[in-house]
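Novice: Build me a structure from this.
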Amino acid sequence: MMPEMDGLEMCKRLKNSFTTSHIPIVLLTAKSSTDTQIESFQHGADAYLIKPFNEDLLKAMIQNLNEKRKRVQLNFAESLDAESLNFDDESLDKKFIDKALKVIKDNYENPDFDVAEFIDAMGISRSLLHKKLTNLAGQSASRFIRIYRLNMARELIIKNRSSHALNISEIAYRVGFNDPKYFTRCFTKQFGVQPSTFLDEA
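Specialist: Prediction:
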């Protein structure tokens, strides 16, 4: 048995601390009862493996967790919908992502809004912001801001298809890009189509 606290208590403390709540946890335990397994997941464990365990099984479990998280992160990058990350509504990670999205929503039109201002608005250190965003959303802070702006640009382009009231450069400026050419490169890389072509689509 672990000293000072058991695995369940450690898992609970890690998941209830903002600085560590994003870390995936696999519990390796000799406790095999169904009640203990249920309690483990209620405390936030991502997986549960009973001792003695097979090393290949543990590796496969970790690989599966990583691949599942990557799929979820890709879906989030496309939708920017916090619900796609499958967090509990009251979890610290859900609250973190919700706050991050709100901060960017309130500032994305400002071309001077950058990672430094994002960090200040979030009220946490650069390193912790990076750790949580890369672990939860699969993105650095700069990419997180850029993808949000690109998604907003995509919505603007769709709205302008019938009227063409805004050209691509104007849309780029509307979402906080200073350089329309750079915007075009980023948009094309993100969506696989140039913004001008996307604007002309039916």
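Novice: From Ile124, how far off is the most centrally placed residue in the chain?
Specialist: Centroid-nearest residue in the chain, with C-alpha atoms, centre = their mean: Ala137, separated by 1.8 Å. Using C-beta to C-beta, to the nearest Å, Ala137 is found at 15 Å from Ile124. All C-beta spots, glycine's among them, are computed from the backbone N, C-alpha and C.
Novice: follow-up on the earlier one: can you give me the distance of the residue nearest to the centre of the chain to Asn54?
Specialist: 32 Å.
Novice: next one: Arg13
Specialist: In terms of C-beta to C-beta, Arg13 sits 28 Å off from Asn54.
Novice: ok, which stretches of this protein are helices?
Specialist: 7-15, 34-42, 55-79, 92-107, 115-122, 126-136, 141-159, 168-174, 180-191, 195-200 (DSSP state H).
Novice: Make a markdown table out of these and add mean pLDDT and mean neighbour count.
Specialist: Below are the helices of the chain laid out as a markdown table (pLDDT from 0 to 100; neighbours: other C-beta atoms under 10 Å):
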| stretch | mean pLDDT | mean neighbour count |
| --- | --- | --- |
| helix 7-15 | 91 | 17 |
| helix 34-42 | 89 | 13 |
| helix 55-79 | 90 | 13 |
| helix 92-107 | 95 | 17 |
| helix 115-122 | 97 | 15 |
| helix 126-136 | 94 | 17 |
| helix 141-159 | 95 | 19 |
| helix 168-174 | 97 | 18 |
| helix 180-191 | 96 | 16 |
| helix 195-200 | 93 | 16 |
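Novice: Arrange the ones you listed in TSV, one row each, with distance to Leu85 as further columns.
Specialist: Putting the helices of the chain into TSV (distance: least, C-beta to C-beta, whole Å) gives the following:
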stretch	distance to Leu85
helix 7-15	15
helix 34-42	17
helix 55-79	5
helix 92-107	6
helix 115-122	17
helix 126-136	7
helix 141-159	13
helix 168-174	27
helix 180-191	19
helix 195-200	26
